[in-house]
Every structure is written in C-alpha cells, then in structure tokens.
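> A predicted structure for the sequence below; I have some questions about it.
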Amino acid sequence: MRVPNRLRRNLPSIVLFLALLILWQVAVSAFRMREYILPSPLAVFRAIVSFEIPWFVHLWVTTAEIVGGFLLAGAVGVVLGIAIAWSAVLAKALVPFLVFVNTLPKVAVAPLFLLWLGYGIFPNILIAALIGFFPVVINTAVGLTQVDEELLDLGRVFGAPKWKVFVKIRIPNGLPYILSALKITATAVVVGAIVGEFVASQSGLGNVIVTTQTNLNTPVAFAALVWISVIGLSVYGAVALAARWLAPWADTSG
Amino acid sequence: MSVPFILLDHVGMTYVAGSGPVEALREISFGVGRGEFVALVGPSGCGKSTLLRIVAGLRPATEGTVSVGGERVRGPLASVGMVFQAPVLLKWRRLLENVLLPAELAGLSRADYVARAQDLLRLTGLADFAAKFPGELSGGMQQRASLCRALLLDPPLLLMDEPFGALDAMTRDEMNLELLRVWGEGNRERKTILFVTHSIPEAVFLADRVVVMTPRPGRVARIFPIPLPRPRTVETRATAEFGRCSLQVYEALQVRQTTREPA
Ligand SMILES: Nc1ncnc2c1ncn2[C@@H]1O[C@H](COP(=O)(O)OP(=O)(O)O)[C@@H](O)[C@H]1O
Ligand SMILES: [Mg+2]
C-alpha cells in the first residue's frame, strides 16, 4: 500500500500525539486522578460531543470574535501601513503613537472596552484586533518600502503618479510581507478574543472555561480548549491557503 | 556631425552623504551622436551608474549641464529605455505583462501596445514564454524580457547599466549579438545607446566609441573610436583589429589604475 506523501511527512508527529494521548489515559487510570484535577482523554472527548453544553452557540460567538478581530486588524493594519509608506509626515506622526499603543498591556485595556461598550461580541472583536494589528502595520510599511530602486526609477521616467506606483509596484511587492504578518495576526486574535471573554462575557469558549472554574467541571474546560484550537488552526490554515493563492510567486511559509 | 544627441558639458557630481561629501564625477564632457553606440568603462565606484542617472534626469548634476536631443535635461526624461544589471521584473506579473509595464506607468492605452510587446518577445526568442512568471525563467531570459520592456515605447535613447554583467560568459556573448541585432532592427533609425560595462571585450565588440573613465572622482581618461565594421559577428572577436582595440582600452584602464594621482 502506498502511503500518501503528506501522511508520511506528518507521521512522526501523529505517532507522538497518539502516544501522548495513550500515556495520559493510562496515567489517569493508574494514579486514579480526580476528574476535576486532570480528566482523562476519554472524559474530555465525552465533554466535546456532549449536548449539555450548547457548543454551537459558544463556537459561533468565539468564531465571530476571532474572524471579526482578524478582519478589523487586517484592514486597519494595511491602511495604517500604507499611510506610513505614503508620506514621511504621516510616518512621523503615526509611528511613535502606534509603538506606544503596542506597548500597552492590552489585557489591561479590556475592562475599559467593556465599560464603554458593554457586554457582547463587539468589545471582544476590538480587543482581538488591538492585539493583532501591529505586525500588519509594520510589515505593510516595510513591504511597501522594500522595492528595487530601479523599479522606482522606471516609475519616475514614465511619469507615473504616486498612486499608480503604489497600486502597480509597491502594494503587490508588499503583499507577501502583509500575508506573513496576517499569519501572526491569525494566532494573536485568538488570544485576544479569549482574553476578552475572560474579562467579561455571557457566552463564548472563554466564558465556558471561566464558568468551569466555579463548578469544577474540568473536562468541559479541556473540551473548550480543544474547540479553541480547532478554530485557531482553521483560521491560520485559511490564511496560509489564501497566502499561497494570492501570492504564488512568493514563499510566505514561516 | 551637428549638435550631438547627448551633450555632457563639464558635468560634476558630489554626493552629500552622512560621512561627508563624496565627489563621484568631475569635469565630464563628451557628446554622443544620434544613433551612436557608446560604451562606458571604468573601475567600479567611478560614477558610471551616477552618470547614467544624470543623463536620464533621475538625479541633477551638481556641476555642468546635460542636454538630450537639444533640450537641457531638468527632470526625468520621458523617452528613455533603461536596462539595469538586475532584470528587476515584477515577480507577480507574467512576462507579457512585465513588458507592458511602461505603457501602464506612462498612462498609455495598454491595448495599443500588446502587439508590439508580442513582437519584441518574438524578436528576443521569448514568444513561447510570454505567459510565464519571471521566477520560471533563467537569468538570461529575464534580462531579455527587461530589454523588451525598455524597448516597448520605442524610445530613441537606451541607457544600459551593466545589463549583462550578471550573466555567464557564453550567455553574455549571445546577448551581445542579440542586442546588436535588435539595435539595427529593420530600416528604422538606430537608437542611441549609452552602455556601461566592466568587460573590455564587450565594450569593444558593441560600441562605436569606448569612453574610459578614471577611478573616483570619475573623469574621462580617453575616448577610443572602434573602427570595426558592422554588422559585427562571432568572427569579429577573432580579428586582429578587435585585439588591438581591446588592448588599447585595457592599457588605458591599467595605466590609470597604477599611476593614480593623489586626489
Ligand atoms: N545615493 C548616493 N549617496 C552617496 N554616495 C553615492 C550614492 N550613489 C553612489 N554614491 C557613491 O558615488 C560613487 C560612484 O557610484 P556609482 O555611480 O554607483 O559607481 P559605478 O556605477 O561606476 O560603480 C561611489 O563611490 C558611491 O559610493
Ligand atoms: Mg554601477
């Protein structure tokens, strides 16, 4: 039987993963672990597929926050990056401010957003975007500036207006940089959304985890973690796929 | 000869860099006739690229004046084709789209130039690769495409900065023949070419005249006419006259480098 290449490449990590699961299961039974301290993989699996928790609602809320935060971070990041590359004055005005915003501990800002905007998806989208937008700004600005001087000479010789040089040369040139920043953002917004839900929420996977702290339903907390990583991996995978499709000429892996 | 097509009159260039001023060019004066092929050779750092950029109007000279086609150069020339050492093609565009770039940048109708772009690709043996991305082609092919791009708007003047310097010797010789063929193309008037190279045989093989420059600050050391008959062919390189011309240029460069006077 021919093993597909992909499977063979990932075989070592799959084997390790399964081995750890088995070891975990065995250890839990052997040491008679209390379920609220460390549930067995089987208990976690039962919680994942259980109907007692309305997973669908929580998944929807958290996914909406993550995707919303991602889109907002991407859009704002690209626009700010273009602004910085567009004019030296804008760059001088924006960069120190953005660096300051980026050094703020965003987790500490979360309660303020709640105060201003109340419960709901929206404040968490903002927190996610706040945590994820910075790499996009920087990479966009860098990608738009790292252009061969000779290409810019061509723009000058043919009298191309600035916007045309941006549209035809600088922005496509920056695309691989932007896409690789978006991969970082894809993981950062997951953190942001969960942090937001920790601080205050009525639903969402982060809310599920907080709730289990009071009722000691640890298998459900583990199940929520699994769901979070499913969303996180899906978003990351979608971005990576989109990157390969949008910029096939560039190697954006990594 | 009436007024030369390109006229450099006491051109000097001093860069003001962070570490103090750098005098790149001093007292450069020579003319290039319409349809003439002039090669520029000199040690690296002597200001050859700077000189081309000044002629193209991309950078103002700090001394002297430049005129092209009888007009004083005050800003970027609109009707110039440029080829650089690296092909600098847009990686995200297919070859045909790359060749069409100047039309788009100049705000001309792209559709009017598609046929010409295809002709140029055919002329340089790239017709079958029009739909390929630059990354899929060899360095020589990319440089050919870059030449097509420079020729798209049919500029009367070509400025070429070590265009074949990154190619292996054999490809370079091939490209030289090809360039001459493209240059003498049809019975249209020949383009004026200013061609920078650090290869003496290349300069002698291609040019009507070879300008030898001194180390920095670059000045004109000697100008040699190359009386080799055209069309030049593979055999040209084997003639005694070719050897004699090359030796002259070689000696002019050597002498300059060993008896460098203190600046
Ligand atoms: N933008 C610049 N700023 C400061 N110095 C420069 C700049 N461009 C070139 N130079 C200096 O001018 C000299 C000539 O450069 P260049 O024209 O590139 O020489 P070449 O093409 O003959 O190798 C070099 O010493 C180089 O360091
Ligand atoms: Mg140079």
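It's in. Ligands and ions are numbered 1, 2, ... in the order given.

> are we agreed that B:Gly64 is in a strand?
Yes: counting by DSSP: H, G, I helix; E, B strand; the rest coil, B:Gly64 is found in a strand.

> chain A against chain B: which residues are in contact?
Those residues of chain A that sit near chain B, judged by Cβ under 8 Å from any Cβ of the partner chain, are A:148, A:150-151, A:153-160, A:164-165, A:168-169, A:172-173, A:175, A:247, A:249-250. Placement of C-beta: from N, CA and C, glycine included.

> quick one: the strands in the stretch 151-263 of chain B?
B:157-161, B:192-196, B:209-213, B:220-225 (DSSP state E, counting those that start in this stretch).

> check which helices and strands the last one sits against.
This means strand B:220-225. Using 3 or more Cβ pairs under 8 Å, 6 or more residues apart in numbering or on different chains; DSSP states H and E, the elements in contact with strand B:220-225 are strand B:20-32, strand B:209-213, helix B:240-258.

> out of the ones you listed, which comes closest to A:Ala240?
Taking Cβ to Cβ, strand B:20-32 is the member of the helices and strands packed on strand B:220-225 nearest to A:Ala240, at 46.0 Å.

> dump the closest one to CSV, keeping only the CA atoms.
In CSV, the C-alpha atoms belonging to strand B:20-32 read as follows (Å, rounded to 0.1, in the frame of the first residue of the first chain):
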residue,chain,number,x,y,z
GLY,B,20,30.8,63.9,4.3
PRO,B,21,30.7,64.8,0.6
VAL,B,22,31.7,62.2,-2.0
GLU,B,23,32.8,63.5,-5.3
ALA,B,24,31.7,60.9,-7.8
LEU,B,25,32.2,62.7,-11.1
ARG,B,26,34.4,65.6,-12.2
GLU,B,27,34.5,67.6,-15.4
ILE,B,28,32.8,65.1,-17.7
SER,B,29,32.5,66.4,-21.2
PHE,B,30,31.6,64.4,-24.2
GLY,B,31,28.9,64.0,-26.8
VAL,B,32,27.1,61.1,-28.2
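
> and the angle from the next helix or strand after that strand to strand B:220-225?
As assigned by DSSP states H and E, the chain's next helix or strand after strand B:20-32 is strand B:37-41. Relative orientation of strand B:37-41 and strand B:220-225, computed by axes from the mean of the first three to the mean of the last three Cα atoms, to 10 degrees: 140 degrees.

> where does chain B dip in pLDDT?
Where chain B drops to pLDDT under 70, the residues are B:1-2, B:185-188, B:255-263.

> repeat that for the stretch 151-254 of chain A.
Residue ranges of the stretch 151-254 of chain A with pLDDT under 70: A:251-254.

> show me where it has its helices.
A:162-165, A:171-199, A:205-215, A:218-246 (DSSP state H, counting those that start in this stretch).

> before we move on, the earlier item: now distance to A:Ser203 and mean neighbour count too, for the helices and strands packed on strand B:220-225, in CSV please.
Shown next, in CSV, are the helices and strands packed on strand B:220-225 (distance: least, Cβ to Cβ, whole Å; neighbours: other Cβ atoms under 10 Å in any protein chain shown):
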stretch, distance to A:Ser203, mean neighbour count
strand B:20-32, 66, 17
strand B:209-213, 75, 24
helix B:240-258, 78, 15
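
> Throw the ones you listed into CSV and include distance to chain A, thanks.
As requested, these are arranged in CSV below (distance: least, Cβ to the nearest Cβ, whole Å):
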stretch, distance to chain A
strand B:20-32, 16
strand B:209-213, 21
helix B:240-258, 26
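
> in CSV: the ones you listed, plus distance to B:Glu104.
Below are the helices and strands packed on strand B:220-225 laid out as CSV (distance: least, Cβ to Cβ, whole Å):
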stretch, distance to B:Glu104
strand B:20-32, 29
strand B:209-213, 34
helix B:240-258, 40
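
> of all the ones you listed, which one is nearest ligand 1?
strand B:20-32 (3.7 Å; Cβ to the nearest ligand atom).

> how far away from the center of its chain is that closest one?
With Cα atoms, centre = their mean, to the nearest Å as the basis, strand B:20-32 stands 18 Å off its chain's centre.

> circling back to that earlier point, reformat the strands of the stretch 151-263 of chain B as TSV; add distance to B:Leu96.
Formatted as TSV, the strands of the stretch 151-263 of chain B follow (distance: least, Cβ to Cβ, whole Å):
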stretch	distance to B:Leu96
strand B:157-161	21
strand B:192-196	25
strand B:209-213	35
strand B:220-225	40
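
> name only those of the residues of chain A next to chain B that count as buried.
The neighbour-count criterion (16 or more other Cβ atoms under 10 Å in any protein chain shown) marks A:148, A:150-151, A:153-158, A:160, A:164-165, A:168-169, A:172-173, A:175, A:247, A:249-250 among the residues of chain A next to chain B as buried.

> could you look up the SS state of A:Leu98?
At A:Leu98, secondary structure determined by three-state DSSP is helix.

> hmm, A:Val137 and it touching each other?
Yes: when contacts are counted by Cβ atoms under 8 Å, A:Leu98 is listed as touching A:Val137 (6.1 Å).

> who has more neighbours, those two?
Shown here are A:Leu98 and A:Val137; by other Cβ atoms under 10 Å in any protein chain shown, A:Val137 has more neighbours (26 against 19).

> in the helix ranked longest in chain A, what's buried?
Longest helix in chain A, counting residues (DSSP state H): helix A:55-86. By 16+ other Cβ under 10 Å, the buried positions in helix A:55-86 come out as A:55, A:58-59, A:61-70, A:72-74, A:76-78, A:80-86.

> hang on, the earlier thing: list residues touching both of A:Leu98 and A:Val137?
When contacts are counted by Cβ atoms under 8 Å, 6 or more residues apart in numbering or on different chains, A:Leu98 and A:Val137 are jointly contacted by A:Leu80.

> what does stretch B:193-204 contact?
Stretch B:193-204 is contacted from outside by B:6, B:32, B:36-42, B:44, B:48-49, B:51-52, B:55, B:157-165, B:172, B:176, B:183, B:206-207, B:210, B:226, B:228, B:237, B:242, B:245-246, B:249-250, B:253, using Cβ under 8 Å, 6+ apart.

> can I have the buried ones of these as a PyMOL selection?
Listed next is the PyMOL selection for buried residues among these, using 16+ other Cβ under 10 Å:
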select buried, chain B and resi 6+32+36+37+38+39+40+41+42+48+49+51+52+55+157+158+159+160+161+162+163+164+165+172+176+183+206+207+210+226+228+237+242+245+246+249+253
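
> what residues does chain B have near ligand 1?
Along chain B, the residues adjacent to ligand 1 under the rule Cβ under 6 Å from any ligand atom are B:Tyr15, B:Ala17, B:Val22, B:Ala24, B:Ser44, B:Gly45, B:Cys46, B:Gly47, B:Lys48, B:Ser49, B:Thr50, B:Arg216.
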